[in-house]
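Trainee: here is my input; please provide its structure:
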Amino acid sequence: MRLLLLSLAALALAGCGTGGLTSGNADVSDGKLLFKQKCGACHTLREAGTQGSTGNPSGGPNLDEAFAADKREDFDESTIREVVRHQIDYPAPPMPEDLVKGEDADAVAAYVAAVAADSKAKVTLPAGTGGNDPKLLFESNCGSCHTLADAGTSGKVGPNLDQAKPSLQKAMTQIANGGGGMPPFKGQLSDEQIKALADYVIRVTKG
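Mentor: The predicted structure follows:
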């Protein structure tokens, strides 16, 4: 609900500085990757393939819905970008502080402004990310919720996987179907990617 209210403030924000956004030329590809890593566990955004608000009880607004009215009213993209950047800089609970800063925050704001509520939008991830590299898949899809030492992630929403040490079958089932506050990734990730993710978690938590 919070970002829905931000839509009402967009015109006011357009007339004042945010103190953060420095350029309209931020890299939206980097913004997509950062969004998936840092924001996707809590926010639904069609183009990013994230379903955070539908499966996470602590989730934030569906961003496609939050900015749909603004897009229909032909708000300038820079205005929406300022709104998103302002929210990143001055988050209201339960959104955490300092998720992204500086140029990274610019990139996330530019990405969300470019794709939210746009069914035709398509942004390619930076070269070398995604695919079937399990560590990158984990960082992009799971790291904002789960702690895993090998991936360098420290998410607190879901279980610490270094401690949980799930079985292969349990990991595959959980990734595919979700549950317990975790969104399902079946349909968002291929069966091959789900298997690669589960294998990775099992391999790096053995000990």
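Trainee: how's this protein carved up into domains?
Mentor: The chain breaks down into these structural domains: 2-115, 134-205 (assignment by automatic domain parsing).
Trainee: nearest to Pro126, of the ones you listed?
Mentor: For the domains of the chain, the distance to Pro126 is smallest for domain 2-115, at 4.9 Å, taking C-beta to C-beta. Glycine gets a C-beta too; all of them are placed from N, C-alpha and C.
Trainee: spatially nearest residue to the residue positioned nearest the centre of the chain, not counting backbone neighbours?
Mentor: Closest to where the C-alpha atoms of the chain average out (C-alpha atoms, centre = their mean) is Gly40, at 2.3 Å. Computed as C-beta to C-beta, 6 or more residues apart in numbering, the closest residue to Gly40 that is not its neighbour in sequence is Thr50, at 3.3 Å.
Trainee: hey, what's the one you found bridged with?
Mentor: Applying DSSP bridges to Thr50 gives these bridge partners: Leu45.
Trainee: isn't it up against Lys38?
Mentor: No - shown here, Thr50 and Lys38 do not form a contact pair, counting by C-beta atoms under 8 Å, at 10.7 Å.
Trainee: I'd guessed the residue nearest to the centre of the chain sits against Gly52; true?
Mentor: Yes - using C-beta under 8 Å as the test, Gly40 is close enough to Gly52 to be in contact (5.6 Å).
Trainee: and the strands in the chain?
Mentor: Applying DSSP state E to the chain gives strands spanning 44-45, 50-51, 147-148, 153-154.
Trainee: ok, now which ones touch the nearest residue to Ser29 once chain neighbours are set aside?
Mentor: Spatial nearest neighbour of Ser29, chain neighbours left out: Pro126 (4.9 Å); criterion: C-beta to C-beta, 6+ apart. The contact partners of Pro126, taken as C-beta atoms under 8 Å, 6 or more residues apart in numbering, are 27, 29-30, 33.
Trainee: can you redo those residues as TSV with neighbour count?
Mentor: Shown next, in TSV, are those (neighbours: other C-beta atoms under 10 Å):
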residue	neighbour count
Asp27	17
Ser29	16
Asp30	20
Leu33	24
